[in-house]
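Q: the sequence and its predicted three-dimensional model are supplied below.
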Amino acid sequence: MDLLLWRHAEAVDGTPDHTRELTERGQKQARRVAAWLQEHRPKRLAILCSPTVRTRQTAAAFSDEFEVVNALGPDGNVAGLLSATGWPDSSGAVLVVGHQPALGRMAALLLSGSEADWTIKKGSLWWFTNRVRDGETQTVLRAVISPDFV
């Protein structure tokens, strides 16, 4: 299984939180990462998105075909991410467009074996895969893409 974690791009400050839109810079960030993802996308990619405006705008820079999942909202957690994505047992690939701190905690769990307060930069994408080698399940970090470098 491939699991891609994409933090929403830069958004305007303010309230209510769920209606915050991307800034002009955020729109550019989303387009840059979306262009990279278009070139490298895994096959059979399902896209799951938080219900906030900024995450839906980020996802829309890549595709109009995504599923909004309430459990991926700003108050989401690693358990919700695991449940929504089916990691590590699902087949194919899942792209999650979501928020801190859940995405960073998920990345920490996948790479270190325990949740920790890691930060995924706004607009950045982390791509994980899993495999079995010599009877041992391994998590592999395939790529980390920052909008500043694509």
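A: The structure has been received and is ready for your questions.
Q: in three-state terms, label the spatially closest residue to P101 that is not a sequence neighbour for me.
A: Excluding the flanking residues, the one nearest P101 by Cβ to Cβ, 6 or more residues apart in numbering is D117, at 6.0 Å. Using the backbone N, CA and C atoms, a C-beta is placed for each residue, glycine as well. Put simply, D117 is coil when judged by DSSP: H, G, I helix; E, B strand; the rest coil.
Q: contact partners for D117?
A: By Cβ atoms under 8 Å, 6 or more residues apart in numbering, the contact list for D117 reads 101, 104-105, 108.
Q: in helices, which of these fall?
A: Under the assignment DSSP state H, the contacts of D117 contribute 104-105, 108 to helices.
Q: adding neighbour count, write the residues you listed out as CSV.
A: Formatted as CSV, the ones in helices among the contacts of D117 follow (neighbours: other Cβ atoms under 10 Å):
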residue, neighbour count
G104, 21
R105, 20
A108, 18
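Q: perfect, that will be all.
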